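1. Next input, structure requested:
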Amino acid sequence: VHLSNVQFDKHCKWPMDADMQVWKYMAKMNEAFLAKPYYGTVISFSHFLPRRGLPFDKTSKKAAKHVGCEIIDEQARAIGSKMHIYGHSRSKYAQAHDGVRYVNMPLGFETDWPKDTQRRLMMIFDGKKLCTEDWGADGEPPLGYVKRVLHAAFFQMVGLKEGDLRKIRAAVHRMSTIPGVQAVFDPLGSRKKEKAVFAKDVWPELESLSYEATHGLIVVADGVAALKAVFASNAYKTEFAPVIATASSKTVEVDMPLGLDLKHEKKPDPTLLVFPMRLSPALTEDSDDYGKLHRAAEAINKLPGIEGKIAVALVPLGFGKLAQRDLTQELGLSEDKSAGCTHCFVVWVDAADSFKMLAQSKTYGKWRTAYQSNLSKLRGGPPQMAFALPMEITASAAAPKAEKKKKLVRR
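-> Numbering: from 1, shown residues only. Here you go, the predicted structure:
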């Protein structure tokens, strides 16, 4: 930190050159800690800004002289830091540069905030991965942080008998009576275009990427507990599962946070497209490439004129701290049928033709290039799949806020 000619404290006297030696002396004090081994996800901290280009209050002409020091960044990178938390700038910031995410969540002075405004904290690690989520100082997550759970299952059921189809739909209807659960079962395609027509008229790749699947089940649950109740119910265990076991020759099942809002009322042909994919193990969620992948997906949501017509989300499989395999066990299911997939790209459209328009756009082409270059090349299941289903569910991505239990007061 360069302090020459900046008299914050006129009583502070340095026994060395304040401009050229103080910052070197302070940096030298870190060297003992730089030599220590660090494991897992490394998060580093400093009061001052660690590099150029980060925002700060420039109202003072000499502000740049005392806000930061570049050697902080060198030292943070030397220990393999993936996230660096800093202060002093009084400017909220959370962006990655060259593999490191830089975060500042200033609380500031009380005078910096409107009266009666609750100042918020920021969660930077959720127990599984790095994140940057605003958080209430009272420990309550922000509205919309907790997501609903999406369970998507696809079956190869060539020659499905009408009697078996009636049993399946009756069972799915009973699943939907479980509190906090909506479920639908349909042939692949959309309501107006069966799978073969959808592939011919809208998106030819559906035929090959769906791997001969014919039907699908979509379950949207308010939380893991509600989804677990589905798989523990008689509707699933004694009515749905036995028919699927005999009628389906292949099954793919994935679970994930619901990353977008679903709606079917007053839509011409609402459709949900689910793209399970197996991304490279080198693509960690704190990497620059993963950030680029997310930005390519988000660019679709920012296309002009698509509000109410198209929405997309890229989400990891599993839920919360649970990876797909762990979640499968938590749900009481005997086998992980995700085919080794790690993530899912989900697309909601108001009509099949909206997806046709999207698939032909340059923005979608950039997304396609971004994810295809990051698909896993390891042996195993297919690196990518795709399924389309009619969407007859309306649900927000955000789970409803759980009601607090009232404390009993004895009188």
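
2. Only alpha carbons, please: show the helix or strand bottoming out on mean pLDDT in the chain as PDB.
-> Lowest on mean pLDDT, DSSP states H and E among the helices and strands of the chain sits strand 130-135, with a mean of 78. The C-alpha trace of strand 130-135 is given here as PDB (Å, rounded to 0.1, in the frame of the first residue of the first chain):
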ATOM      1  CA  LEU A 130     -17.700 -21.400  -4.000                       C
ATOM      2  CA  CYS A 131     -20.600 -19.000  -4.500                       C
ATOM      3  CA  THR A 132     -21.600 -15.400  -4.100                       C
ATOM      4  CA  GLU A 133     -25.100 -15.200  -2.700                       C
ATOM      5  CA  ASP A 134     -26.500 -12.200  -0.800                       C
ATOM      6  CA  TRP A 135     -27.600 -13.400   2.700                       C
END
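
3. helices or strands next to that strand in the packing?
-> Judged by 3 or more CB pairs under 8 Å, 6 or more residues apart in numbering; DSSP states H and E, the packing partners of strand 130-135 are strand 100-104, strand 121-125. C-beta coordinates here come from the backbone N, C-alpha and C atoms, glycine included.

4. winner for burial among those strands?
-> Comparing the helices and strands packed on strand 130-135 by mean neighbour count (mean count of other CB atoms under 10 Å), strand 100-104 ranks first with a mean of 21.

5. just the helices in the stretch 201-350 of the chain please.
-> Remark: helices assigned in the stretch 201-350 of the chain by DSSP state H, counting those that start in this stretch are 205-209, 224-232, 234, 241-247, 288-301, 324-330.

6. now the shortest one: mean pLDDT?
-> For helix 234, the per-residue pLDDT values average out at 97.

7. neighbouring contacts of it?
-> The contact list for helix 234 (CB atoms under 8 Å, 6 or more residues apart in numbering) reads residue 174.

8. Now do the end-to-end distance for stretch 185-194.
-> 14 Å (CA to CA, to the nearest Å).

9. contact partners of that stretch?
-> If you take CB under 8 Å, 6+ apart as the criterion, stretch 185-194 is touched by 154, 168-169, 172, 195-198, 201-202, 206, 210, 213-218, 268-271, 351-352, 387-390, 392.

10. so how far is stretch 200-219 off the chain centroid?
-> Relative to the chain's own centre, stretch 200-219 is displaced by 24 Å; criterion: CA atoms, centre = their mean, to the nearest Å.

11. List the buried residues in it.
-> Neighbour-count burial for stretch 200-219, with 16 or more other CB atoms under 10 Å as criterion, is recorded at 202-203, 206, 209-211, 213-219.

12. now do stretch 294-303
-> For stretch 294-303, burial by neighbour count (16+ other CB under 10 Å) applies to 296-297, 299-300, 303.

13. swap in stretch 336-352?
-> So for stretch 336-352, counting by 16+ other CB under 10 Å, buried means 336-352.

14. Also stretch 146-158?
-> 146-157.

15. that older thread, possible to save the helices and strands packed on strand 130-135 as JSON lines with distance to residue 252?
-> Below are the helices and strands packed on strand 130-135 laid out as JSON lines (distance: least, CB to CB, whole Å):
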{"stretch": "strand 100-104", "distance to residue 252": "33"}
{"stretch": "strand 121-125", "distance to residue 252": "32"}
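
16. nearest to residue 324, of those?
-> The closest of the helices and strands packed on strand 130-135 to residue 324 is strand 121-125. By CB to CB, the value is 20.7 Å.

17. Please name every helix or strand in contact with that closest one.
-> strand 130-135.

18. What is the distance between the strand it packs on and the centre of its chain?
-> Remark: strand 130-135 is offset 12 Å from the chain centroid, using CA atoms, centre = their mean.

19. what do you get for stretch 159-178?
-> Counting by CA atoms, centre = their mean, stretch 159-178 comes out at 32 Å from the chain centroid.

20. and if you look at stretch 296-314?
-> 15 Å.

21. returning to what we had before: the helices and strands packed on strand 130-135: lowest mean pLDDT?
-> strand 121-125 (a mean of 86).

22. so what strands line up beside that one?
-> Note on strand 121-125: by DSSP bridges, its sheet partners are strand 130-135 (antiparallel).

23. pLDDT (mean, whole number) over the helix or strand following the strand it pairs with?
-> Using DSSP states H and E, the helix or strand that directly follows strand 130-135 along the chain is strand 149-155. Rounded to a whole number, the mean pLDDT of strand 149-155 is 98.

24. For strand 149-155, name the packing helices and strands.
-> Against strand 149-155 (3+ CB pairs under 8 Å, 6+ apart) you get strand 215-221, helix 224-232, strand 251-257, strand 271-277.

25. Which among those is found nearest to residue 32?
-> strand 251-257 (42.0 Å).

26. name the helices or strands packed onto the closest one?
-> By 3+ CB pairs under 8 Å, 6+ apart, strand 251-257 packs against strand 149-155, strand 271-277, strand 310-316, helix 324-330, strand 343-349.

27. Run through the stretch 201-350 of the chain and note the low-pLDDT ranges.
-> Counting by pLDDT under 70, the low-confidence segments of the stretch 201-350 of the chain come to 286.

28. let's see 90
-> 281-292, 294-295, 320-321 (pLDDT under 90).

29. swap in the stretch 51-200 of the chain?
-> Those would be 53, 55-68, 88-99, 105-146, if you go by pLDDT under 90 across the stretch 51-200 of the chain.

30. what's the burial count for the closest residue in space to residue 322 that isn't next to it in sequence?
-> Distance criterion CB to CB, 6 or more residues apart in numbering; nearest residue to residue 322, sequence neighbours excluded, is residue 330 at 5.9 Å. Residues lying near residue 330 (other CB atoms under 10 Å) number 17.

31. and the gap between residue 330 and residue 313?
-> For residue 330, the distance to residue 313 (CB to CB, to the nearest Å) stands at 22 Å.

32. residue contacts, residue 77?
-> Per CB under 8 Å, 6+ apart, neighbours of residue 77: residue 100.

33. Return the distance of the helix or strand it falls within from the chain's centre.
-> Residue 77 belongs to helix 71-78 when assigned by DSSP H and E. Chain-centre distance of helix 71-78: 29 Å, with CA atoms, centre = their mean.

34. With residue 126 as the reference, measure out to residue 148.
-> 17 Å.

35. count of residues packed around the closest residue to residue 47 other than its chain neighbours?
-> Leaving aside its sequence neighbours, residue 47 sits nearest to residue 87 (CB to CB, 6+ apart; 5.1 Å). Neighbourhood size, residue 87 [other CB under 10 Å]: 14.
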